[in-house]
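[1] any chance you can model this:
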Amino acid sequence: MILYNKRFEELVDKIKEYVESENPKAPYSDEKLKLLLEKEGIYVSRRTIAKYRGLAQIENASKRKKRRGEKYERKD
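    As a prediction, this is how the structure comes out:
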């Protein structure tokens, strides 16, 4: 088991990759993002994913679903 010791930005970049490639009609939940990262050997809690997603201003799955098809853009 490999614990995720990389920088915050690298984890956020990974989350963004998944969010950008997800089906807009069925976006990934934080739990699903956790499972996808685990497949790559990156072990973090669902709460950590939710925290980092929020800090990176990435909306939760239900809000991303409402946008239906819009490309993800970071809010600044």
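[2] contacts only, for the one residue sitting closest to the centre of the chain.
    Using C-alpha atoms, centre = their mean, the residue of the chain that lies closest to the mean C-alpha position is residue 15, 3.3 Å off. By C-beta atoms under 8 Å, 6 or more residues apart in numbering, the contact set of residue 15 is 33, 49, 52, 53, 56, 58. All C-beta atoms are positioned from the backbone trio N, CA, C, and that covers glycine.
[3] so the first one lies in a helix, does it not?
    Yes. Looking at residue 33 with DSSP: H, G, I helix; E, B strand; the rest coil, it is inside a helix.
[4] chain neighbours aside, what residue packs nearest to it?
    residue 49 (5.2 Å; C-beta to C-beta, 6 or more residues apart in numbering).
[5] how near is the one you found to residue 22?
    Distance of residue 49 to residue 22, given as C-beta to C-beta, to the nearest Å: 14 Å.
[6] more neighbours, those two?
    residue 49 (25 against 18; other C-beta atoms under 10 Å).
[7] got the contact list for the more buried one?
    Residue 49 makes contact with 15, 30, 33, 34, 37, according to C-beta under 8 Å, 6+ apart.
[8] export the helix or strand containing it to PDB, keeping only CA atoms.
    For residue 49, the element it lies in under DSSP states H and E is helix 46-55. Extracted C-alpha coordinates of helix 46-55, given in PDB (Å, rounded to 0.1, in the frame of the first residue of the first chain):
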ATOM      1  CA  ARG A  46     -13.100  10.500   0.700                       C
ATOM      2  CA  ARG A  47     -13.100  13.400   3.100                       C
ATOM      3  CA  THR A  48      -9.600  14.400   1.900                       C
ATOM      4  CA  ILE A  49     -10.900  14.300  -1.700                       C
ATOM      5  CA  ALA A  50     -13.900  16.500  -0.700                       C
ATOM      6  CA  LYS A  51     -11.600  18.900   1.100                       C
ATOM      7  CA  TYR A  52      -9.100  19.200  -1.800                       C
ATOM      8  CA  ARG A  53     -11.900  19.400  -4.400                       C
ATOM      9  CA  GLY A  54     -13.400  22.300  -2.400                       C
ATOM     10  CA  LEU A  55     -10.100  24.100  -2.000                       C
END
